[in-house]
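K.L.:
Next comes the sequence, and after it the predicted model I'd like to discuss.
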Amino acid sequence: MSDSPTSPNGIIEILAIIVDSATLLKKTIDTIQEIIPGADDDLKEKFHWINCSLKNATQFHYSVKAPGGDGPFSSTTFSCCNGDGAVTGATGGIAFSLWLDSKHSFDFAVGWTDPLLGSMKAGVVESAVAEAGYNAASREGGHIRSKSSYM
């Protein structure tokens with residue numbers, strides 16, 4: 001979350017024009033229905049690999065706490081794998097910021113684990129720290145909703 005103060009009722013005012021409801025509905029449905037490409041063959045040849053996708057079904061831009069980032073109503077995919085010839089698992093985490101305006105962001109982290117021994121897990125948590133996403137990983141996966149409201 002940005003370092004802006006939260007109002008007593010948990011609502012944070014943002015300086016953005018919200019798209020009309022018909023446009024929002026259409027673009028959200030289009031984004032959700034977008035087909036995400038599967039993992040490529042080189043990745044599938046690894047001993048342990050994970051292919052992750054993010055669908056941004058909002059009007060807001062997001063950025064990755066690493067090189068990259070993308071726009072509103074868009075999708076992205078990223079991957080993780082063990083090294084060539086390595087008999088290890090594949091684990092990791094990544095943090096994102098969803099930019100509501102030039103000063104306010106909603107931060108969340110995604111984590112996953114495909115260990116050599118044990119079960120595959122994934123998770124998501126409201127945090128700006130990638131490790132928090134990793135620590136939130138569970139067999140059930142997860143979803144989040146902001147602790148704050150924005151208007």
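P.N.:
Here it is on my side, so go on.

K.L.:
Can you list the residue ranges for strands in the chain?
P.N.:
With DSSP state E as the definition, the chain shows strands at residue ranges 11-12, 49-56, 61-64, 74-81, 90-99, 105-114, 121-125, 149-150.

K.L.:
Packing partners of the fifth one?
P.N.:
In terms of contact count using 3 or more CB pairs under 8 Å, 6 or more residues apart in numbering; DSSP states H and E, strand 90-99 is assigned the packing partners strand 49-56, strand 61-64, strand 74-81, strand 105-114, helix 130-135. For glycine as for every other residue, the C-beta is placed from the backbone atoms N, C-alpha and C.

K.L.:
Could you check the angle that strand makes with strand 49-56?
P.N.:
Counting by axes from the mean of the first three to the mean of the last three CA atoms, to 10 degrees, strand 90-99 lies at 10 degrees to strand 49-56.

K.L.:
Name the residues of stretch 28-42 that are buried.
P.N.:
28, 31 (16 or more other CB atoms under 10 Å).

K.L.:
Check this protein for its longest helix and report it.
P.N.:
Counting residues, the longest helix found in the chain (DSSP state H) is helix 21-33.

K.L.:
List of residues touching that helix?
P.N.:
18-19, 55-59, 72-75 (CB atoms under 8 Å, 6 or more residues apart in numbering).
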